[in-house]
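K.L.:
The following block contains a protein sequence and its predicted model.
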Amino acid sequence: MSAGTKRRIPMTVTFFEMTAKPSTLPPPQPRGRHAILKAENPTPHFYRYLYDAIGGPYLWVDRKKVTAEALTQIIHDPSNALYVLYVEGCPAGMAEIDFRKEGAANIAYFGLMPEFIGKRLGYFFLYHACQNAWTRPISRLTINTCTLDHPRALPLYQRIGFTAYAREERFVELP
C-alpha cells in the first residue's frame, strides 16, 4: 500500500436501545479495591490514553481523527460524561455517555483495558454506567457494537436489558 492509502475494513454495526432503567439485579461487587469516578474536564492526553488502550484492539479510530482542540470541546461539554473504572488504583475501563440529544443518552464508548477483560468487570461497569445515565431525565438509552468489537459485547448488552433495533453494514477506514 502506498503512503496515504487507507484500508477499508467491513463491519456490521448493531444498534441497541433501552427505554427504562435496567430491571436486572445489581451485579456482585468485584474483588479487590475498585471505584467508578466521573472524570471532570479530562485532558485530551488522558482521554486518548483510555481510548487507544481500550479501543486499539477493536480498531476504534473516530476520535483519533479529531484535533486536540476539537476533542477537548467534546469531552468538556457538560452534556458529555466520562466515567472511568479503576481497579487497585489503575484505570481499567471507560464509559462515555453523550446526553446532547434531549431526552436521550448514548453510551458512545464503553470498554475495558485488555488486562481487565475476563475478570467479571464488564457487567458490573456497564450496569453502573446505565444507572448513571438514568439519573438524568431521559426516556431512551442507546449503545452500539460492531463485529470488530469484543465478541462478548453484544451478549453483554442484551443481558443488561438492551434490545437491538437496527443493523447496518459499514466500513472502518484505517490509515
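P.N.:
In hand now; what should we look at?

K.L.:
check which helix or strand covers the residue most central in space within the chain.
P.N.:
What sits nearest the mean C-alpha location of the chain, by CA atoms, centre = their mean, is residue 110, with 1.7 Å. Using DSSP states H and E, the element containing residue 110 is strand 104-112.

K.L.:
What average pLDDT does that strand get?
P.N.:
Throughout strand 104-112, pLDDT has a mean value of 98.

K.L.:
got a list of contacts for that strand?
P.N.:
Applying CB atoms under 8 Å, 6 or more residues apart in numbering, the external contacts of strand 104-112 come out as 51, 54-55, 58, 60, 63, 80, 85, 92-99, 121-122, 125-126, 129-130, 133, 136, 138-143, 149-150. No exception for glycine: its C-beta is placed from N, CA and C like everyone else's.

K.L.:
Just the buried subset of these, please.
P.N.:
Buried members of the contacts of strand 104-112, counted by 16 or more other CB atoms under 10 Å: 51, 54-55, 58, 60, 63, 80, 85, 92-99, 121-122, 125-126, 129-130, 133, 138, 141-143, 149-150.

K.L.:
Output the strand holding residue 110 as PDB, restricted to C-alpha atoms.
P.N.:
Backbone C-alpha positions of strand 104-112 (Å, rounded to 0.1, in the frame of the first residue of the first chain) are rendered in PDB as follows:
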ATOM      1  CA  ALA A 104     -31.900  10.600  25.400                       C
ATOM      2  CA  ALA A 105     -28.400   9.400  26.200                       C
ATOM      3  CA  ASN A 106     -26.000   7.400  24.100                       C
ATOM      4  CA  ILE A 107     -23.100   5.300  25.600                       C
ATOM      5  CA  ALA A 108     -20.700   6.500  22.900                       C
ATOM      6  CA  TYR A 109     -17.700   4.400  24.100                       C
ATOM      7  CA  PHE A 110     -17.600   1.600  26.600                       C
ATOM      8  CA  GLY A 111     -14.900  -0.900  27.200                       C
ATOM      9  CA  LEU A 112     -12.200  -2.400  29.500                       C
END
